[in-house]
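>>> Got a predicted structure here, sequence first:
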Amino acid sequence: MVRKQNIGKCDTCKKEFNYYMVHNGFNNTSHAYCSECGMTAFFDLVQIPKSVTVSFGQGAIPEAAEELLKECQCGGKFTSNAKPRCPHCLNELFAETATSFLQANASKGWLWLKKWTGVDCIIVENRKTYEPWK
């Protein structure tokens, strides 16, 4: 499936990047961002390994799940409180200031809750991975 790419802009370096949003509730997933590069990892709530005893919900992963995950391909860690990052300068994207482009590109009626840990997450420059379990 091809997703519509929107344009965001980094507050720090002022460069533009492509992104799209995912609503974890629509696809029954949880997510985490890499602490170093900001890549988005997805976890299918129906297919969580039986050995995982941590309770997941739609939105950011629980902190207790972090030790169960592989490192990101960049060497960073997927964590419950990491933020997405600019693909150019690698500085964090701030949820509050990202409102300017997220809300401008949103479907009518959608409201950005101004937090990266909620049920909506961002995929920057199509950088994502699935199920990075150890």
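Looks like it arrived, so ask away.
>>> Just give me the neighbour total for Gln47.
By other CB atoms under 10 Å, the residues close to Gln47 number 10. No exception for glycine: its C-beta is placed from N, CA and C like everyone else's.
>>> I misspoke; the intended subject was Asp44.
Counted with other CB under 10 Å, Asp44 comes out at 13.
>>> Tell me who's in contact with it.
Applying CB atoms under 8 Å, 6 or more residues apart in numbering to Asp44 gives the contacts Asn28, Thr29, Tyr130, Glu131.
>>> does the third one have beta-bridge partners, and which?
Beta-bridge pairing of Tyr130, defined through DSSP bridges, involves Phe42.
>>> Kindly report the same for the second one.
With DSSP bridges as the criterion, Thr29 is bridged to Asp44.
>>> quick check: longest strand of the chain.
Across the chain, the longest stretch assigned as strand under DSSP state E is strand 16-23.
>>> buried ones in it?
Neighbour counts over strand 16-23 (16 or more other CB atoms under 10 Å) mark Phe17, Tyr19, Met21, Val22 as buried.
>>> Which one (most neighbours) among the contacts of Asp44?
So for these (other CB under 10 Å), the most neighbours sit at Thr29, 23 neighbours.
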